[in-house]
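Chemist: Just a sequence and a predicted model for now, questions to come.
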2 protein chains.
Amino acid sequence: MLKLAILGFLRDRPLHGYELRRHLAALTGHVRPISDGTLYPAIKRLEADGLLLRTTEPGTAAAPRHTLHLTEAGRSALLDRLRTPEDLDISDENRWFTVLAFLRHLDGEPEAQATVLRRRLAFLSEPASFFYDGARPVGAEEVDDPFRRGMLLIARATTEAELAWLRDTLAGLDRA
Amino acid sequence: MLKLAILGFLRDRPLHGYELRRHLAALTGHVRPISDGTLYPAIKRLEADGLLLRTTEPGTAAAPRHTLHLTEAGRSALLDRLRTPEDLDISDENRWFTVLAFLRHLDGEPEAQATVLRRRLAFLSEPASFFYDGARPVGAEEVDDPFRRGMLLIARATTEAELAWLRDTLAGLDRA
DNA sequence: GGACCATACCTCGGAGTCGAGGTATAACGG
DNA sequence: CCGTTATACCTCGACTCCGAGGTATGGTCC
């Protein structure tokens, strides 16, 4: 997920680590802040894999900066990941939002974008609950516990808002 | 999060590992399945910490079962965790939902429950976005990219549904 | 000129997680 | 009676992540 976000941001323009950190903080930091100890090793991994290059420049403000550029391999790794996300990228909201944040990078391929949205649509269309009576999902109305009822109500509201948006957006992509 | 969920389920009644696995699959498995390689070491950690005990019984269906019981220390660890959740338990939706699933275990303490809900209320009330223009959060209407606009629209719908529920539920707790 | 802060990068140990694999038992179908 | 499936538990190596700590530079304020 971090890998996807780094590649996604660098696709727009080269950044150095500190800028990347600020972009990431905006995208996911409200919910789950990422630490230096996570970011810098991740950058090293991507560099070792040949997905990005760094060029050292004298720092404008302070220490020398390592500006990070996506390589050709990095660009295609990003596009591959966006075309065929893992199941967890579809089901986990945090990961899904990261995919959405960069899905526009598939701008020449509206069918590929639609395919990804349809996977999310299929996932959200499955009947699901947090609690089951045997194999039957239990609805909000049947739950006495007010907190568990809240979970189900909130989840339902989210799902409905997202389904509406998905259907709208898919209709738009099909026209294109 | 796994720790919280295990303690929470065992608070209701003793379970063996396999049953626990099914309960966890219902609660979080739709979004993020947990594997055996995660669950069983987690059980061992909790046992080593004295939070649960296991009693071996001849299996009804197959291999002998290890029925897991919460100890007194386990019960108070659960209640402590529910009374004072970590920041990540408040901000990350997956973790927050786990807290909500077991918040009823603080049933004798409506003020403690209200305190937790108020922390989530404060978190959701902060103005936040995924994208910033300098320090100013960017709203859905300003974004051209349809996918990023979707993120913001969905997040807004979720937040509003949850805020409405939080205010309702807090009003109910204050009356109690 | 010294304290302090923001910038900018890095390492290390510890903890949690995962996937792949392994071991048994019992029931069921052919 | 043999293969398959469901039950039930476990280990291991690889990987990721986090927090705590460290290094260094340049600008601002008093």
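Modeler: Right, received. Where do you want to start?

Chemist: Which positions in chain A make contact with chain B?
Modeler: Within chain A, the positions near chain B by Cβ under 8 Å from any Cβ of the partner chain are A:26-27, A:30-32, A:88, A:91-94, A:97, A:100-101, A:103-104, A:113, A:126, A:128-132, A:145-148, A:150-151, A:153-154, A:157-158, A:161-162, A:165-166, A:169, A:172. C-beta: built from backbone N, CA, C; applies to glycine.

Chemist: Now, those that are in helices?
Modeler: Among the residues of chain A next to chain B, DSSP state H puts A:88, A:91, A:93-94, A:97, A:100-101, A:113, A:146-148, A:150-151, A:153-154, A:157-158, A:161-162, A:165-166, A:169, A:172 in helices.

Chemist: From these, list the buried ones, please.
Modeler: Neighbour-count burial within these applies to A:91, A:93-94, A:97, A:100-101, A:113, A:146-148, A:150-151, A:153-154, A:157-158, A:161-162, A:165-166, A:169; the criterion is 16 or more other Cβ atoms under 10 Å in any protein chain shown.

Chemist: could you pick out which of those are near DNA strand D?
Modeler: When contact is defined as Cβ under 7 Å from any atom of the strand, those do not meet DNA strand D at all.

Chemist: next one: stretch A:82-96 to chain centre, how far?
Modeler: 7 Å (Cα atoms, centre = their mean, to the nearest Å).

Chemist: average model confidence for it?
Modeler: Average pLDDT, stretch A:82-96: 93.

Chemist: for that stretch, which positions count as buried?
Modeler: Neighbour-count burial for stretch A:82-96 flags A:82, A:85, A:89-96 (criterion: 16+ other Cβ under 10 Å).

Chemist: Widest-spaced pair of those residues?
Modeler: Using Cβ to Cβ, the pair of those lying farthest apart is A:L82 and A:E93, separated by 17.3 Å.

Chemist: Measure how buried the residue lying closest to A:R81 once chain neighbours are set aside is and give me the count.
Modeler: Computed as Cβ to Cβ, 6 or more residues apart in numbering or on different chains, the closest residue to A:R81 that is not its neighbour in sequence is A:L4, at 5.7 Å. Here the number of neighbours of A:L4 (other Cβ atoms under 10 Å in any protein chain shown) works out to 20.

Chemist: same question, A:L170
Modeler: 15.

Chemist: For it, list the residues it contacts.
Modeler: A:114, A:117-118, A:121 (Cβ atoms under 8 Å, 6 or more residues apart in numbering or on different chains).

Chemist: Secondary structure and neighbour count for those - can I get that in a markdown table?
Modeler: Shown next, in a markdown table, are the contacts of A:L170 (DSSP: H, G, I helix; E, B strand; the rest coil; neighbours: other Cβ atoms under 10 Å in any protein chain shown):
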| residue | secondary structure | neighbour count |
| --- | --- | --- |
| A:A114 | helix | 19 |
| A:L117 | helix | 20 |
| A:R118 | helix | 13 |
| A:L121 | helix | 17 |
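
Chemist: which one among the residues you listed gets closest to A:R45?
Modeler: Of the contacts of A:L170, the one sitting nearest to A:R45 (Cβ to Cβ) turns out to be A:L117, at 29.3 Å.

Chemist: That closest one contacts A:D168, correct?
Modeler: No - in this structure A:L117 lies outside contact range of A:D168 using Cβ atoms under 8 Å: 10.4 Å.

Chemist: Okay, strands next: where are they in chain A?
Modeler: Listed in chain order, the strands of chain A (DSSP state E) span A:15-16, A:52-57, A:65-70, A:132-133, A:136-137.

Chemist: how about the third one, does it get close to DNA strand C?
Modeler: Yes - for a cut-off given as Cβ under 7 Å from any atom of the strand, strand A:65-70 has contacts with DNA strand C, namely A:65-67.

Chemist: next one: the first one
Modeler: Yes - counting by Cβ under 7 Å from any atom of the strand, DNA strand C is contacted by strand A:15-16 at A:H16.

Chemist: Need the residues that contact that strand.
Modeler: Here strand A:15-16 has contacts from A:9, A:23, A:65-68, using Cβ under 8 Å, 6+ apart.

Chemist: quick one: strands adjacent to that strand?
Modeler: Strand A:15-16 has these partner strands in its sheet, going by DSSP bridges: strand A:65-70 (antiparallel).
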